[in-house]
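J.: Just need the structure, nothing else, for what follows:
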Amino acid sequence: MRTCGDCSECCRLLAIQMEGYYTPQGYWCKYCTQPGCSIYNTSIPKSCKDYFCGWIQNENIPDEYKPNLSGIVLEVLDNNPNTTKFWIDEKNFDNTYVVAKKLEQYTQRKYTKIYNGE
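T.: A predicted model of the protein is given here:
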């Protein structure tokens, strides 16, 4: 079974919202310890608790497409690996379009959210 390991890209590419705190897409959550989360075991935000990493869940996806290496965070929707949201970081990573095309073979339906620094 895969783990996050040295990856924390979801803490930057996904918007994080909890009572009294909000981090927009593209910014590191202040609780991210890169890797890891300083509040994960105590008061994890619902948006983080409900997040399912597609790279962790689908071991058929090659290691080189791990989010911190590819710039693409895969969010499994409705606990169904065949329905995935692609969070793509075009600002900080090159070749995300090529990687996204390769990752499409691991899902049947996809939704895309691109962060380009704006």
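J.: how far away is the residue lying farthest from the centre of the chain from Tyr40?
T.: Largest separation from the mean C-alpha position in the chain: Gly20, at 22.6 Å (CA atoms, centre = their mean). Gly20 sits 17 Å away from Tyr40, going by CB to CB, to the nearest Å. To be clear about C-beta, it is placed using only N, CA and C from the backbone, and glycine gets the same treatment.
J.: Same check on Thr96?
T.: 27 Å.
J.: in this protein, what secondary structure element scores lowest on mean pLDDT?
T.: strand 109-115 (a mean of 77; mean pLDDT, DSSP states H and E).
J.: Am I right that Ser47 falls within a helix?
T.: Yes: Ser47: assigned to a helix according to DSSP: H, G, I helix; E, B strand; the rest coil.
J.: That one contacts Tyr22, doesn't it?
T.: No: using CB atoms under 8 Å, Ser47 is not in contact with Tyr22; the gap is 9.9 Å.
J.: Show me which of those two is the more surrounded one.
T.: Each of Ser47 and Tyr22 has its neighbours counted (other CB atoms under 10 Å); Ser47 has more, 16 against 13.
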